[in-house]
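Enquirer: how does the following fold in three dimensions:
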Amino acid sequence: MTDTTAGTLDTVRLTAWMDDVGLPGAGQPLVVTQLSGGAQNEIYDLRRGEHRSVLRIPPATAPADRDKGILREWRITRALDGTDVPHAGAVAVCDDPAVLGRVFFLMDYVDGWSPMQHQKQWPEPFAGDTAARAGLAFQLAEGIALLSRVDWRERGLHDLGRPEGFHDRQVQRWTGMFERIKGRELDGMDTATAWLRTHRPLDFIPGVMHGDYQWANVIYHHGDPARLAAIVDWEMGTIGDPKLDLAWMLRDWPDDTHDLEAASASYVDLRGMPSRDRLAAHYAEVSGRQVDDMDYYLVLAKWKLAIVLEQGFQRAGDNPKLRAFGAIVPRLMRSAGELAETTDYRG
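Expert: Prediction:
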């Protein structure tokens, strides 16, 4: 009934549930292929006749609150249906852990490619065509610009987050996190933290945030021109300040993408890409939001990510991936402190 890559899924129960909720393909064999698995979620490709979907479920050993995270992802995914935000459409959700041991949901299968499949080498035609490659970056910026325009109240996301006091809570939450896990001093942290407390935006327009927007969390359609097919992995989604998503995307973007050393420092090849300012301007044009205060958001993004990665480093043990954060964090925090000291932005 299934192939041998179904991981820990009980495909008999899954098939019965799919029939109960009226999904297409009743009576046909279910073919399950595990696409990825980790501490956050396991992801499976489901094929039943001509119908194809993707299942997201926490692993059996994940903390109980991961079930809430899955339902949060489902809620955002369903709310985006009918909008112009590229995403995988909502198919069905199961909030009964008795079916597969954890709650889970199904979304549409997206036929495309991820930058993480290629990393330092773009697929053709983007490898050899600089103009075509620039389109990948503009589409990346456009994805969150479109997200920022979603009417979150109309889409039923009014209680997804608390936009009031968003920036105050960012500083409080992440300084508190750092104090709990602190194992070393970080140069630039005191400077960046003090600056963030006194330079937060006077006001902002709340909107839907992805929360971890970067090359790793998007899928592109095949071929030229560059077209964003879907934004994925919504577990950090909330209602907050969407411009932080833009800064998260641009935090390590070099000022000059023709500087081969700087452009090659990213986990993808940024050589010949549009400049950070051009991408911010494109975001502003599509979103209708001003970006004159982008330095504030860049300081916040660098500072916050440094603390997030430091948390991983402090609990790394023998994990080589987490231990690698040990060298990244100080550079990131120093960069946040230096930008805070040199920017002309006054809030």
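
Enquirer: only C-alpha atoms for contact and neighbour calcs from this point on.
Expert: Fine.

Enquirer: count of residues packed around Ala92?
Expert: Ala92 is surrounded by 18 other residues when neighbours are defined as other C-alpha atoms under 10 Å.

Enquirer: brain fart, Arg278
Expert: Burial of Arg278 is recorded as 12 neighbouring residues (other C-alpha under 10 Å).

Enquirer: which parts of the helix or strand hosting it are buried?
Expert: Under the criterion DSSP states H and E, the helix or strand holding Arg278 is helix 276-287. Counting neighbours by 16 or more other C-alpha atoms under 10 Å, one finds that the buried residues in helix 276-287 are 276, 279-284, 286-287.

Enquirer: C-alpha coordinates for it, PDB please?
Expert: Once non-C-alpha atoms are left out, helix 276-287 reads as follows in PDB (Å, rounded to 0.1, in the frame of the first residue of the first chain):
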ATOM      1  CA  ARG A 276      20.700  45.900  -0.400                       C
ATOM      2  CA  ASP A 277      19.300  49.400  -1.100                       C
ATOM      3  CA  ARG A 278      17.800  48.400  -4.400                       C
ATOM      4  CA  LEU A 279      16.000  45.500  -2.700                       C
ATOM      5  CA  ALA A 280      14.800  47.600   0.100                       C
ATOM      6  CA  ALA A 281      13.400  50.100  -2.500                       C
ATOM      7  CA  HIS A 282      11.700  47.300  -4.300                       C
ATOM      8  CA  TYR A 283      10.100  46.200  -1.100                       C
ATOM      9  CA  ALA A 284       8.900  49.700  -0.400                       C
ATOM     10  CA  GLU A 285       7.400  50.000  -3.900                       C
ATOM     11  CA  VAL A 286       5.400  46.800  -3.600                       C
ATOM     12  CA  SER A 287       4.500  47.000   0.100                       C
END
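
Enquirer: closest to Ile328 out of the buried residues of helix 276-287?
Expert: Sorting the buried residues of helix 276-287 by how near they are to Ile328, with C-alpha to C-alpha, puts Arg276 at the top with 21.1 Å.

Enquirer: give me every residue that touches Thr198.
Expert: With contacts taken as C-alpha atoms under 8 Å, 6 or more residues apart in numbering, Thr198 has the following neighbours: Gly347.

Enquirer: and the helix holding Arg278, what does it pack onto?
Expert: With contacts defined as 3 or more C-alpha pairs under 8 Å, 6 or more residues apart in numbering; DSSP states H and E, the packing partners of helix 276-287 are helix 130-148, helix 243-250.

Enquirer: ranges for the helices of the chain?
Expert: 11-20, 65-80, 130-148, 166-181, 189-198, 243-250, 260-263, 276-287, 294-314, 320-323, 325-342 (DSSP state H).

Enquirer: any chance of the ones you listed in a markdown table, plus distance to Trp113 and mean pLDDT?
Expert: Shown next, in a markdown table, are the helices of the chain (distance: least, C-alpha to C-alpha, whole Å; pLDDT from 0 to 100):
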| stretch | distance to Trp113 | mean pLDDT |
| --- | --- | --- |
| helix 11-20 | 27 | 96 |
| helix 65-80 | 20 | 95 |
| helix 130-148 | 12 | 95 |
| helix 166-181 | 33 | 94 |
| helix 189-198 | 37 | 96 |
| helix 243-250 | 19 | 97 |
| helix 260-263 | 22 | 61 |
| helix 276-287 | 22 | 97 |
| helix 294-314 | 26 | 96 |
| helix 320-323 | 24 | 90 |
| helix 325-342 | 27 | 96 |
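
Enquirer: quick check: pLDDT value at Gln117.
Expert: Each residue has a pLDDT score; the one for Gln117 is 86.

Enquirer: from Arg47, how far off is it?
Expert: When distances are taken as C-alpha to C-alpha, to the nearest Å, Gln117 and Arg47 turn out to be 22 Å apart.

Enquirer: now Ala134
Expert: Distance of Ala134 to Arg47, computed by C-alpha to C-alpha: 35 Å.

Enquirer: ok so, going back, now tell me what touches the helix holding Arg278 from outside.
Expert: With C-alpha under 8 Å, 6+ apart as the test, helix 276-287 has contacts from 137-138, 141-142, 144-146, 148-149, 246, 250, 253-255, 289-291.

Enquirer: just stretch 203-217 next, same as before
Expert: Counting by C-alpha under 8 Å, 6+ apart, the neighbours of stretch 203-217 from elsewhere in the structure are 114-116, 140, 144, 147-152, 163, 231-234, 236-242, 244-246, 248-249, 268.

Enquirer: ends of it, how far apart?
Expert: With C-alpha to C-alpha applied, stretch 203-217 spans 28 Å between its terminal residues.

Enquirer: buried residues, it. List them.
Expert: Across stretch 203-217, burial judged by 16+ other C-alpha under 10 Å covers 204, 206-217.

Enquirer: now swap in stretch 171-191 and tell me
Expert: 171, 174-175, 178, 186-189, 191.

Enquirer: just to revisit the earlier point, buried ones from the contacts of stretch 203-217, can you make that a PyMOL selection?
Expert: Only the buried members of the contacts of stretch 203-217 end up in this PyMOL selection, burial being decided by 16+ other C-alpha under 10 Å:
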select buried, resi 114+115+116+140+144+147+148+149+150+151+152+163+231+232+233+234+237+238+239+240+241+242+244+245+246+248+249+268
